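Asks: Below are the sequence and a predicted model; questions follow.
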Amino acid sequence: MDDNGPVLSICMTCRDGREDDHETRGGSRLAERILAQLKVQAPANLRIRGVRCMSQCKRSCIVSLSAPERLTYVFGDLDPQEDIHVDALFELVSLYSDAEEGFLERKDRPEPLQASILGRLP
């Protein structure tokens, strides 16, 4: 396993308001969708990790994308039931991996992730 590859962190405790219908939190359902897609489309060196809380409860569901010597991105307002959000995350990983220092301008990110950014950190 390449420890220098990108890491997609998913907040497992995020709520999306559908917990009564699904008996699991939105963050866990988003992680399940991402892991299922990973079996079909595995970006090179991508690692997935679940985290307990990313302290962005008003903008859930939350993910971050990071790698050594690259910027870290945090995105919210992701819907675990929308294929477009899962697909956009996989597209983002590819763009991020190819970009110098992982820098992606808003216009260069997949459309579903252009308005849902919560931060780009050094």
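Replies: Ah, there it is.
Asks: downstream neighbour of the lowest-mean-pLDDT helix or strand in the chain in the secondary structure list?
Replies: Sorting the helices and strands of the chain by mean pLDDT, DSSP states H and E puts helix 19-22 at the bottom, at a mean of 81. The helix or strand immediately downstream of helix 19-22 is helix 26-40, counting by DSSP states H and E.
Asks: who does that next one touch, helix- and strand-wise?
Replies: For helix 26-40, the packing partners by 3 or more CB pairs under 8 Å, 6 or more residues apart in numbering; DSSP states H and E come out as strand 7-11, strand 47-51, helix 83-98. Placement of C-beta: from N, CA and C, glycine included.
Asks: Direction included, what does the helix or strand following the last one pair against?
Replies: What that stands for is helix 83-98. On the C-terminal side of helix 83-98, the closest following helix or strand by DSSP H and E is strand 117-121. The strands beside strand 117-121 in its sheet (DSSP bridges) come out as strand 72-75 (antiparallel).
Asks: mind listing what's buried in the partner strand?
Replies: Neighbour-count burial for strand 72-75 flags 73-75 (criterion: 16 or more other CB atoms under 10 Å).
Asks: sorry, back to before: residues in contact with the least confident helix or strand of the chain?
Replies: Contact partners of helix 19-22, identified using CB atoms under 8 Å, 6 or more residues apart in numbering, comprise 25-26, 29.
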